[in-house]
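Asker: 3D model of this:
(one chain, ligands or ions: 2)
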Amino acid sequence: MEIEVDTHSQEQKLTRKDFVSGQEVRWCPGCGDYAILAQVQKIMPEVGIPREKIVFVSGIGCSSRFPYYMNTYGFHTIHGRAPAVATGLKIANPELSVWVVTGDGDGLSIGAGHFIHTLRRNVDLNLLLFNNRIYGLTKGQYSPTSEAGKKTKSSPWGSVERPMNPVRLALAAEATFVARTVDVHIKHMAETLLAAAAHKGTSFIEIYQNCIVFNDKTFADITERSVRDERLLEVVHGKPMRFGKDNEFGIVVRGTRPEVVRVDEVGEDRILVHDSSDPNIASLLSKMEPPDYPAPIGVFYERHSPTYDELLIRQIENVIQNKGPGNLQKLLDGPSPWEIS
Ligand SMILES: Cc1ncc(C[n+]2csc(CCOP(=O)(O)OP(=O)(O)O)c2C)c(N)n1
Ligand code: SF4
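Answerer: Ligands and ions are numbered 1, 2, ... in the order given. Got it, this is the predicted structure:
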């Protein structure tokens, strides 16, 4: 895809509009994808990377139409394979800021292997998973994140599968940045996207996204304005985990289990303080799900580790320094070729 070039010099501060492509947006009216697109376009000037050094890579699905709508480089690849293509891009051109956009079907069904290994390798890219708990593009089949019992065209009597929790999967894959946000909570989404952009290594964000046509209101019980304060727990590093309209509730840990309490009954000192460098806290948060707990959003976990691209490029440089640039033909010819007879 070509960037629509204008006469903006790089010194000139870009705005949200500079990241809007001329492509007609083809999502259904009211789809949560619009809000995500708007926030990504909004934060890009703040990320401060020139457009020609940014690339959005996607697989297949409604969410995967995303690169068309960004006035950056883009690559609409094949189903589930966006992380593999993005890894290649980053290694070939480490100067690029690489973003992967995937859905719960694209990233966690056909693409589950690529998803896990990208996180495990800590490739320096940003991975946004639009979770609408359904296959949108193919008109409403259940996905790996659909709730048990979900009735769809491919599960007419209800899904008998247990849903996957993408945050738990990312933590288990040793991801170095794991976060969750919500399409309707735009301020939170923008902050989370900026935190992901600042992270070196794979940053993973699960974004709860409403598919108004095939799975409307799937997250309404936690995201509707009237219940949001009581059902969402916004975790911030260094801050006590409190929620509720007047922050009247909090999380304490008894033994190994989190528990919801009234802050005035136990005292502020007992409330668990979020530490995003602590994998145990991240694990505990990842297991907290409604109706027993509020749904946590924010940066669950972040640690700094060498990235795959960095290590690989350094290794290649070292080998070239010690052994010379190599000869591909010589490699293909020997040392032990054989002929098929
Ligand atoms: C190899 C292959 N298998 C299956 C499909 C059909 N297919 C297209 S998109 C999709 C799932 C999309 O769901 P999701 O990733 O959740 O994206 P959404 O459309 O909900 O944004 C499937 C199964 C395909 N295009 N290619
Ligand atoms: S089918 Fe669902 S996910 Fe796809 S564009 Fe329409 S509302 Fe969005």
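Asker: any idea how far residue 167 lies from ligand 2?
Answerer: Computed as Cβ to the nearest ligand atom, to the nearest Å, the residue 167 to ligand 2 distance reads 21 Å. For glycine as for every other residue, the C-beta is placed from the backbone atoms N, C-alpha and C.
Asker: shouldn't that residue be within a helix?
Answerer: Yes. Assigned with DSSP: H, G, I helix; E, B strand; the rest coil, residue 167 falls within a helix.
Asker: near ligand 1, which residues of the stretch 151-300 of the chain? Just list them.
Answerer: residue 211 (Cβ under 6 Å from any ligand atom).
Asker: packing partners for the helix or strand bottoming out on mean pLDDT in the chain?
Answerer: Within the chain, no helix or strand scores below helix 328-333, which has a mean of 86 by mean pLDDT, DSSP states H and E. Here helix 328-333 touches no other helix or strand, going by 3 or more Cβ pairs under 8 Å, 6 or more residues apart in numbering; DSSP states H and E.
Asker: pull the residues that contact it.
Answerer: Here helix 328-333 makes contact (Cβ atoms under 8 Å, 6 or more residues apart in numbering) with no residue beyond itself.
Asker: using PDB, write out every CA atom in stretch 21-34.
Answerer: In PDB, the C-alpha atoms belonging to stretch 21-34 read as follows (Å, rounded to 0.1, in the frame of the first residue of the first chain):
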ATOM      1  CA  SER A  21      -6.000   7.400   4.600                       C
ATOM      2  CA  GLY A  22      -8.300   8.200   1.700                       C
ATOM      3  CA  GLN A  23      -9.800   4.700   1.700                       C
ATOM      4  CA  GLU A  24     -13.500   4.300   2.300                       C
ATOM      5  CA  VAL A  25     -14.000   2.600   5.700                       C
ATOM      6  CA  ARG A  26     -16.100  -0.600   5.200                       C
ATOM      7  CA  TRP A  27     -17.000  -1.600   8.700                       C
ATOM      8  CA  CYS A  28     -20.700  -1.800   9.700                       C
ATOM      9  CA  PRO A  29     -22.000   1.500  11.200                       C
ATOM     10  CA  GLY A  30     -21.600   1.300  15.000                       C
ATOM     11  CA  CYS A  31     -18.700  -1.300  14.900                       C
ATOM     12  CA  GLY A  32     -16.300  -0.900  17.800                       C
ATOM     13  CA  ASP A  33     -13.400  -1.000  15.200                       C
ATOM     14  CA  TYR A  34     -14.100   2.700  14.400                       C
END
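Asker: list the buried ones in that stretch?
Answerer: Neighbour-count burial for stretch 21-34 flags 21, 27, 31-33 (criterion: 16 or more other Cβ atoms under 10 Å).
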